[in-house]
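Asker: Fold the stuff below for me.
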Amino acid sequence: MSELIGKGAVVTGGGRGIGLACARLIAKRGGSVVLLGEDPEVLEQAAATLRAEGLNVTAIVADVGIEDEVAVAMEQSAAFLGSIDILVNNAAIQPYGTVASMGSAQWDNVIRVNLRGTYLACHHALPYMLRLQRGSIINIASVQALANQTRVAAYATSKAGMLALTRSLAVDFGPSGIRANAVCPGCIDAPMTRFAAAQTAPGREEEILREWGKAQPLGRIGRPEEVAEVVAFLASDRASFCTGAEFKVDGGLMASLGVTLPE
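Answerer: Coordinates of the predicted model:
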């Protein structure tokens, strides 16, 4: 498929996991992609891997929670891409804690990266989209924006905020030809999930992931590439009438009450 030929995309948190899968698929479908993140080594390794696959990508280092860095990164991205047509807000952190146990500095940092970072990326990418009167913004939220496990208060709050921000973007910028949608992954085999499994049972990560997979009606956890397929669709003109929406990629997790009746 070559439906994204001529499109320029910025993917935050693009060096690994869901972000890397999104960057790869967008580039495979003809787009040019900027991987944006704060770890130079991770970004360069990811960019080198994608370039070795014949894809047009570059890496730009920036902390999404620092406005000056984001502003410069978007300017550099536009110079490399020619235009910013697609913005995938994927950068996120997920420390564990309740409202009682998590200190305010750690709480603020989660909001800074996950929610403020999404705002800043949108704020500094939108002028390029408005100039051309087109664009697709895809915010990677989470099923935890809709229902919560324990000890994820800050993360869930930030992701719920992303859903509200997505709706506001859709309403405010739809008349300018800019669409905004959210994708809500469930349990995905990505670094964040593996970190959680390691914290739960060190040395038994694969067993834990299989156990977690049983919570989904499909009986397994998802792959980053499965999230990327939805993101690539939303980035394309095939999703031309989709905006302000939330797309779950969760193996049916949110469709189930989690209660099994006896036969």
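Asker: switch to C-alpha atoms for all contacts and neighbour counts from now on
Answerer: Noted.
Asker: I'd like the next helix or strand past the helix or strand harbouring Ala73.
Answerer: Using DSSP states H and E, Ala73 sits within helix 67-81. Next helix or strand after helix 67-81 toward the C-terminus (DSSP H and E): strand 86-89.
Asker: Show me what that following strand is packed up against.
Answerer: Judged by 3 or more C-alpha pairs under 8 Å, 6 or more residues apart in numbering; DSSP states H and E, the packing partners of strand 86-89 are strand 8-12, helix 117-132, strand 135-140.
Asker: Which residues outside that strand are in contact with it?
Answerer: In this structure, residues lying in contact with strand 86-89 by C-alpha atoms under 8 Å, 6 or more residues apart in numbering are 7-13, 19, 118, 121-122, 125, 135-140, 235.
Asker: Now do stretch 2-9: everything it contacts.
Answerer: If you take C-alpha under 8 Å, 6+ apart as the criterion, stretch 2-9 is touched by 26-34, 78, 81-88, 235-237.
Asker: Show the buried residues in these.
Answerer: Burial by neighbour count, judged by 16 or more other C-alpha atoms under 10 Å, picks out 26-34, 78, 81, 83-88, 235-236 from the contacts of stretch 2-9.
Asker: Of the helices and strands packed on strand 86-89, which is nearest Val57?
Answerer: Nearest to Val57, of all the helices and strands packed on strand 86-89, is strand 8-12, at 9.4 Å by C-alpha to C-alpha.
Asker: for the closest one, what is the average pLDDT?
Answerer: Mean per-residue pLDDT for strand 8-12: 99.
Asker: ok, then the element right after that strand?
Answerer: helix 17-28.
Asker: quick one on the thing from earlier: what lies in contact with the helix holding Ala73?
Answerer: Residues from elsewhere that reach helix 67-81 (C-alpha under 8 Å, 6+ apart): 7-10, 32-34, 36, 60-64, 84, 120-121, 124-125, 128.
Asker: And for stretch 102-119?
Answerer: By C-alpha under 8 Å, 6+ apart, the surrounding residues in contact with stretch 102-119 are 64-66, 89, 91-96, 139, 154-155, 158-159, 161-162, 165.
Asker: where in the chain is pLDDT low?
Answerer: Within the chain, no stretch has pLDDT under 70.
Asker: all strands in it, in order from the N-terminus.
Answerer: Assigned by DSSP state E, the strands in the chain fall at 8-12, 32-37, 57-61, 86-89, 135-140, 178-185, 246-249.
Asker: want to throw the ones you listed into a markdown table with distance to Val231?
Answerer: Shown next, in a markdown table, are the strands of the chain (distance: least, C-alpha to C-alpha, whole Å):
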| stretch | distance to Val231 |
| --- | --- |
| strand 8-12 | 11 |
| strand 32-37 | 14 |
| strand 57-61 | 17 |
| strand 86-89 | 8 |
| strand 135-140 | 7 |
| strand 178-185 | 7 |
| strand 246-249 | 9 |
